[in-house]
Structures are given as C-alpha cells and as structure tokens.
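**Student:** sequence first, predicted model second:
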Amino acid sequence: MSEVILERPHEHIAVIRLNRPEARNALSLPVRQTLATHFTDLGNDDITRCIILTGGEKIFAAGADLRDMVERTAVEMFARRSEKLWRPIAECPKPVIAAVNGYALGGGCELAMHCDIIVAGEGANFGQPEVKVGIMPGAGGTQRLVRAIGKFRAMKILMTGDLVPARDALAMGLASEVVADTEVFDRALAIAKTIAALPPLAIMQIKETVLAGEDSSLEAGLMLERKAFQLLFATNDQKEGMRAFLEKRKPEFEGK
Ligand code: CO8
C-alpha cells in the first residue's frame, strides 16, 4: 500500500491520506515528493474544488523523518532544496482542509499550517518539538505560527517544544474547529462539500487574497481585495449567484 493515498470521495473533493503508521506518518523525502506531486496535480486540474489532508484516525504526522536526518550534513540538507517540495503545498490555489487526529508535530504541525482550515479532534496535540532533538523548525514553524497565534505564545511553543492540546490550539487560533475524535474526517468532508458547492473562482480569489494580504500593508491588501472583487464580476458564477438569489432558486456554480 502506498505511503500517500489519494482518494476521491466526491466528484470535486480529493483526499490526500498519509499512510506510514509504523513511522507515525513521518515525512520522509519520498512522502514529501508524493505530496508535492499530488498538490501540483490537484491544483492544476479542472475538477478538484477542495482538498482534505489527513493522516488517518490515529496520527496526523510526527514531523520530519528523524531516521533519515540523523547523520545528514548541512551541505546535504542544503542540497535537498526541500523548499521545492513545500512550495506546491503552500501555493496550491485550491482550498485545503487539514483533518487532524493525534499528533501534529514538527514538520507535521508545519504541514497543517500550510492548510487553510484545520479541523482537529479533541485528543489531537500540536507542537514544534524540534528543539528537543537539537534543531529548530525548518518548514515555516517560526513564521506561520507567529502569524497564526502571535509572538509570545509562538515563542513558548517553539522554545519549550511543549505539546498544545486541541482545545488550547483552538483558543489561540491554531485550529478552526475542534470536534470529537471520531468525527474529524466527517466534519472535514462536510466543510469540503460546502466549499465545493460554492463558486470555485471566488474561493480561489479569497485564498489568494488572504495569503497575499497577510504579508502586505493594509493599503496594498485592500487594493488586492478590491481588484479580486472586481475581477469576479467577469465570471458566469457571479451572474448566476446573484440572479439565483433574486429569482429565489438554488444557484448552480460552474467555475466559469
Ligand atoms: N521520524 C522517524 N521515525 C519516527 C518519528 C519521526 N519523526 N516519529 C516516530 N517515529 C517512529 C519511531 O522511531 C518508532 O519506530 P520503531 O517502532 O522502529 O522504533 C515508531 O515511529 C513509533 O514511535 P513511538 O514508539 O515513539 O510512538 P508513540 O506513539 O509512543 O509516540 C510520538 C508518537 C509522540 C509522535 C513520538 O514518536 C515522537 O515524539 N516522535 C518524534 C516527534 C518529533 O520530534 N518531531 C519533530 C521532528 S524534526 C522536524 O519535524 C523538523 C521539521 C523540519 C522541516 C520539515 C521536514 C519534513
């Protein structure tokens, strides 16, 4: 069985499932290469409107593969150019929902933070424990965590390596929702279905504008928003959505 499984539970929804339970879904190079390929393909196809990323019912991901890293040199790590494997996930234009059960640690927490929505189980735990194995986060942990939860909470998590239980993660803004462990995937799927029924071009514009605006001035972000808003008036889905409302019927969005 493949270590990364791609499923299609619904015409417009793709599920990417990490499947390396014996190594707690550690993100080896082959796993990350497959993730990058899937995200590139799903980002480019005309069918997929929402992606769910999960590690299954027991664990999301225990981070980088320590077995593979333990004897590496700095030059070898540099030569991997691993940013090339993260970029397709970060730049995926489609909405991505992380369905997190169990541990999301180190690179696993960073992987969840690459997503747009995080649904966590009550028993989930987030953390950046890299410091405990002599290193530091290397896939956005020092950057995305600060943006999500602020400097002082991020510093504590990064400098202690302590676990953050799901409820605390929700309170600090590191999760979108917390549900019973047994309901995580179903809830992620329900959200994906809601999103998949909405106009995909508008959804993609929302994602692009939020992410680009996060790192720009308010003025620049507001201008990006205005332009994206105006652009959507070129879509059939804008006409369909507004006409359907006024005609008191359900809209049919085509992504055009
Ligand atoms: N890498 C490789 N193997 C792992 C990893 C890992 N990160 N985590 C667990 N495993 C393996 C164990 O070695 C063990 O293998 P074996 O059975 O052959 O001895 C097996 O999985 C089961 O592990 P445990 O017995 O420890 O399982 P538990 O259920 O008791 O505990 C934990 C699960 C809490 C997840 C625990 O395994 C753990 O703490 N793992 C390490 C977590 C960690 O330190 N993560 C940070 C890694 S560094 C990192 O992510 C840097 C990111 C940089 C950029 C991103 C690149 C991807």
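**Tutor:** Looks like it came in fine.

**Student:** how is this structure carved up into domains?
**Tutor:** Domain assignment for the chain, taken from automatic domain parsing, gives 4-196, 200-246.

**Student:** just the terminal-to-terminal distance for the last one.
**Tutor:** The reference is to domain 200-246. Length of domain 200-246, first residue to last, C-alpha to C-alpha, to the nearest Å: 21 Å.

**Student:** on that earlier part again, the domains of the chain: which one's closest to the ligand?
**Tutor:** The ligand lies closest to domain 4-196 among those, at 2.4 Å (C-beta to the nearest ligand atom). To be clear about C-beta, it is placed using only N, CA and C from the backbone, and glycine gets the same treatment.

**Student:** what about the helices in the stretch 101-250 of the chain?
**Tutor:** Remark: helices assigned in the stretch 101-250 of the chain by DSSP state H, counting those that start in this stretch are 107-113, 141-149, 151-160, 166-172, 184-196, 200-214, 218-231, 236-246.

**Student:** related to what we said a few turns ago, redo the domains of the chain as CSV? Include mean pLDDT.
**Tutor:** As requested, the domains of the chain are exported to CSV (pLDDT from 0 to 100):
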stretch, mean pLDDT
domain 4-196, 97
domain 200-246, 97
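
**Student:** any idea which of those domains is most buried?
**Tutor:** domain 4-196 (a mean of 19; mean count of other C-beta atoms under 10 Å).

**Student:** how far does that domain stretch from one end to the other?
**Tutor:** Domain 4-196 has its terminal residues 23 Å apart, counting by C-alpha to C-alpha.

**Student:** wait, does it make contact with the ligand?
**Tutor:** Yes - Domain 4-196 is in contact with the ligand by C-beta under 6 Å from any ligand atom, via 23-24, 26-27, 62-67, 103, 105-107, 110, 129-130, 133, 137-139.

**Student:** follow-up on the earlier one: mind giving me CSV with the helices of the stretch 101-250 of the chain and columns for distance to Thr73?
**Tutor:** As requested, the helices of the stretch 101-250 of the chain are exported to CSV (distance: least, C-beta to C-beta, whole Å):
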stretch, distance to Thr73
helix 107-113, 19
helix 141-149, 22
helix 151-160, 24
helix 166-172, 35
helix 184-196, 39
helix 200-214, 34
helix 218-231, 41
helix 236-246, 52
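
**Student:** of the domains of the chain, which is nearest Phe253?
**Tutor:** Closest of these to Phe253 is domain 200-246, at 4.8 Å (criterion: C-beta to C-beta).

**Student:** mind checking how far that closest one is from the chain centre?
**Tutor:** 20 Å (C-alpha atoms, centre = their mean, to the nearest Å).

**Student:** can I get the helix or strand where Val15 lies in CSV, CA atoms only?
**Tutor:** Taking DSSP states H and E as the definition, one finds Val15 inside strand 13-18. The C-alpha coordinates for strand 13-18 follow below in CSV (Å, rounded to 0.1, in the frame of the first residue of the first chain):
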residue,chain,number,x,y,z
ILE,A,13,-13.2,16.7,-3.5
ALA,A,14,-9.8,15.0,-3.2
VAL,A,15,-8.5,13.4,0.0
ILE,A,16,-4.7,13.0,0.5
ARG,A,17,-4.1,10.5,3.2
LEU,A,18,-0.6,9.9,4.8
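
**Student:** who are the packing partners of the next helix or strand after it?
**Tutor:** Note on strand 13-18: by DSSP H and E, the next helix or strand toward the C-terminus is helix 29-44. With contacts defined as 3 or more C-beta pairs under 8 Å, 6 or more residues apart in numbering; DSSP states H and E, the packing partners of helix 29-44 are strand 4-10, strand 13-18, helix 83-90.

**Student:** what angle do helix 29-44 and helix 83-90 make?
**Tutor:** Computed with axes from the mean of the first three to the mean of the last three C-alpha atoms, to 10 degrees, the direction of helix 29-44 lies at 40 degrees from that of helix 83-90.

**Student:** thanks a lot, catch you later.
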